[in-house]
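Here's my sequence, what's the structure:
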Amino acid sequence: MRKAGIILFWAIASLCVIALVTLPINLQTQLIASIAVVTFMAVLKILRAEGTWRLTALAFGTAIVMRYVYWRTTSTLPPLNQLENFIPGFLLYLAEMYSVMMLALSLFVVSMPLPSRPSRAASPGKYPSVDVFVPTYNEDSHLLANTLAAAKAMDYPADKLTVWLLDDGGTLQKRTSANLLEDQMAKARHQELQILSEDLGVRYLTRDRNEHAKAGNLNNGMKHSQGELIAVFDADHAPARDFLLETVGYFEDDPRLFLVQTPHFFLNPDPVERNLRTFEKMPSENEMFYGIIQRGLDKWNASFFCGSAAVLRRQALDQTGGFSGVSITEDCETAIDLHASGWNSVYVDRPLIAGLQPATFASFIGQRSRWAQGMMQILRFKFPLLKRGLSIPQRLCYMSSTLFWLFPFPRTIFLFAPLCYLFFDLEIFTASGGEFLGYTLAYMLVNLMMQNYLYGSFRWPWISELYEYVQTVHLLPAVVSAIVNPRKPSFKVTAKDESVLVSRLSEISRPFFIIFAVLLFALLVTAYRVYTEPYKADVTLVVGGWNLLNLILAGCALGVVSERGEKSATRRVKVTRRCEFGLDDNWYPATIDDVSVHGARINVYAKSIGLLAVDTRGLIRFKPHGSDIEEILPVAVRNTQVDGDIVTIGCQYLPEAARHHSLVADLIFANSQQWTEFQLSRRGNPGLFRGTLWFFGLAFYQTSRGLAYFFSNRGAGDKARKSAGAKK
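Numbering: from 1, shown residues only. Here you go, the predicted model:
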């Protein structure tokens, strides 16, 4: 009876909303209603209203969006008998409806996400056995050493923990390759990693053939291990000491739990953050997913495996045949199969690993292409909406996650739609300037405000649009390829620990400059048409304003593809640890000021040391976390600076034994609290107005910087060609 009453209530409420949305009103009334809703939402945002008020604001915003959809559907499409207008007009309409659909799915997922879960350590005496898998393909041994050492150092009973290095770069297939170079490199890698694993006390495992990429490698690890739980870390994802203590206890609470996923935290900025210089002051792109969306998915038991920084139950994986390998995104595919089989998942919103992300724009696009193609494969092969075994909320959640990667299509249409009118005088959107203000502008403002409500502290205004644009240019053909031929994409390992030594344009930057030039020309055409066709000025100004927004995004993207030169891809992390610095059998009191995966900066309290020569050998003596015994790490001096009684020394680690890698891991990875503090330090909501002003200022600067790179690059190319001609 109660269930029937709830259904009746929602049915009546829905009919009332539909009646309100479709109510015929004049333009003046629409303008007043739009202004009232925008003002109401702004006031609630200023007052930081939460709970019911937050949902009320989102409901009013949704009403404006629905009103826009109704008007857009019934009043703005070009006549069907004018195909030159109707076809591009209908494509634009579909792009807008896609955006509305994704907004609706976002509201369902994250309007009221779960709060962060508390810590859940395993009960004393009930520690399950854990196999830690570190799959690798072509990563450097020093990078692997840090990750393996950090995994081995996790706080957990030693007899319950086994760390495995799963090497797909030293398979028998590669060691017997007809390609002599590949054969020799694989043999050398095989031997090197065997020695490294033995020194670190971890198990080394490879296989005969490279089949099913990462999923096949993980399944091979399952065949040779027997732990109740399996923790997975990418080769560049080093765990903190408390990773297992914060995660394994959840499996004790729920025998049907197959996954505990934690966020991916990165030490280095992605290419967008690095080239725009926003890493220290603005939340990273991935924080919107890990800070909000995964908590929203968790509410509906739909948080999914992200390939690393997770613990899975072996029993669940055995039931579904191990890690799925049909698509190239084995993580999400594995999760959807297990959710459909009745297993549950949990998301713990605390960064417990630190990793590296692509440093160059080309590698960044390569990584995102793999994600996009993998999600298209899941959409084609699994189609979550009709996947048997999933609950309705889970179906909607997975549809949201997969359909998101179709964004290159609408983003391309939004980019070029204004040009249809400005260049070819096509009327693909039938509306006056006043109607645009009353409906479209109100819809855009409400949409931005709703995004700010949902993601304000995790995603600043216009940043999502920028990320989508810079990816669209190269992701569009990748997504089309995966849709047309879903079995074609193959797994490609993302480059790790890259660096950009000199400032340069990205090798895939040319399309961005071409698009910018076209949009800039369209801006000139706008001014010309306003002058020569004053009777159309209202429509021309509206379309020209749309093109100007695209131009601002395109200009900011020029800064994204203008790679800033840096010696290292790894960010230095602030720490404060007591230590001693050893030099020529003398020990001096010191503190470690910051660390990276390659070196540290130390403040030595002994002015008598003076300036040290580069490559001078020194020692750092300190107590690792959880130990009262001091240990020594050898270093090489890279630079020194004397300031009064303090000598600041920049050092590079010189690991000579397995224990040295463990000490490096302890310095940078052991304390997970530092990652949380860093994330919180850059989370702040500038609001829609201030955020927009900030972004426009950023875009102006990055446009000029990108153009400066372009012309200096052309100048250097001309000089090189003249020099080559002179030699001939």
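
tell me which element the nearest residue to residue 657 once chain neighbours are set aside falls in.
Spatial nearest neighbour of residue 657, excluding adjacent residues (Cβ to Cβ, 6 or more residues apart in numbering): residue 199 at 7.1 Å. Heads up, the C-betas are built off the backbone N, CA and C, glycines and all. Taking DSSP states H and E as the criterion, residue 199 maps to helix 180-200.

and the spatially most central residue of the chain, what does it touch?
Most central in the chain under Cα atoms, centre = their mean is residue 286, positioned 3.2 Å from the mean C-alpha point. Contact partners of residue 286, counting by Cβ atoms under 8 Å, 6 or more residues apart in numbering, are 263-264, 266.

for residue 144, same thing?
Contacts of residue 144 by Cβ under 8 Å, 6+ apart are 134, 136, 165, 193, 196, 235.

Secondary structure element for it, which one?
Assessed by DSSP H and E, residue 144 sits inside helix 141-152.

try residue 579
With DSSP H and E as the test, residue 579 turns up in strand 573-583.

Now the closest residue in space to residue 500 that isn't next to it in sequence. Its backbone dihedrals?
Among residues not flanking residue 500 along the chain, residue 563 sits closest, at 4.8 Å (Cβ to Cβ, 6+ apart). Residue 563 adopts backbone torsions of phi -70, psi 120, taken as degrees, to the nearest 10.

Tally up the residues packed near residue 563, please.
23 (other Cβ atoms under 10 Å).

For it, which residues count as its bridge partners?
residue 504 (DSSP bridges).

Can you name every helix or strand that the very next helix or strand once past the strand holding residue 579 contacts?
Note on strand 573-583: by DSSP H and E, the next helix or strand toward the C-terminus is strand 586-595. If you count contacts as 3 or more Cβ pairs under 8 Å, 6 or more residues apart in numbering; DSSP states H and E, strand 586-595 packs onto strand 573-583, strand 599-604, strand 617-622, helix 658-669.

would a markdown table of these with distance to residue 372, mean pLDDT and mean neighbour count be doable?
Listed next are the helices and strands packed on strand 586-595 as a markdown table, based on distance: least, Cβ to Cβ, whole Å; pLDDT from 0 to 100; neighbours: other Cβ atoms under 10 Å:
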| stretch | distance to residue 372 | mean pLDDT | mean neighbour count |
| --- | --- | --- | --- |
| strand 573-583 | 31 | 88 | 17 |
| strand 599-604 | 36 | 93 | 22 |
| strand 617-622 | 44 | 93 | 18 |
| helix 658-669 | 30 | 90 | 23 |
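
Ok, which of the ones you listed comes nearest residue 381?
helix 658-669 (36.8 Å; Cβ to Cβ).

Other residues contacting that closest one?
Contacts for helix 658-669 (Cβ under 8 Å, 6+ apart): 145-150, 152-153, 196, 199-201, 238-240, 267, 353-354, 573, 575, 577, 592, 595-597, 600, 622, 624-625, 631, 633-634, 653-655.

May I see the buried residues of whichever helix or strand residue 287 is part of?
For residue 287, the host element (DSSP H and E) is helix 285-288. Across helix 285-288, burial judged by 16 or more other Cβ atoms under 10 Å covers 285-288.

TSV for those residues, including distance to residue 670?
Shown next, in TSV, are the buried residues of helix 285-288 (distance: Cβ to Cβ, whole Å):
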residue	distance to residue 670
285	26
286	22
287	22
288	28
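
Pick the one among the residues you listed closest to residue 39.
Among these, and counting by Cβ to Cβ, the member closest to residue 39 is residue 288, at 26.8 Å.

dump the residue contacts of the closest one.
455, 458-459, 464.

For the residues you listed, work out which two are farthest apart.
For the contacts of residue 288, with distances taken as Cβ to Cβ, the pair at the greatest spread is 458 and 464 (10.5 Å).

Looking at the two, which one has more neighbours?
Shown here are residue 458 and residue 464; by other Cβ under 10 Å, residue 458 has more neighbours (22 against 15).

How is that one assigned, secondary-structure-wise?
coil (DSSP: H, G, I helix; E, B strand; the rest coil).

For it, give me the pLDDT.
Looking at residue 458, its pLDDT is 90.

Give me the neighbour count for residue 254.
With other Cβ under 10 Å as criterion, residue 254 counts 13.

actually residue 299, sorry about that
Around residue 299 there are 19 residues (other Cβ under 10 Å).

Check residue 551 too.
Residue 551: 21 neighbours (other Cβ under 10 Å).

That one: what's it in contact with?
Counting by Cβ under 8 Å, 6+ apart, the residues that residue 551 touches are 516, 519-520, 522-523.

try it again with 10 Å
For residue 551, the contact set (Cβ atoms under 10 Å, 6 or more residues apart in numbering) comprises 418, 515-516, 518-520, 522-523, 544, 699, 703.

Which of those residues are buried, as a PyMOL select command?
Only the buried entries of these go into this PyMOL selection, using 16+ other Cβ under 10 Å:
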select buried, resi 418+515+516+518+519+522+544+699+703
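
can you pull the contacts of residue 159?
Here residue 159 is in contact with 127, 129 (criterion: Cβ under 10 Å, 6+ apart).
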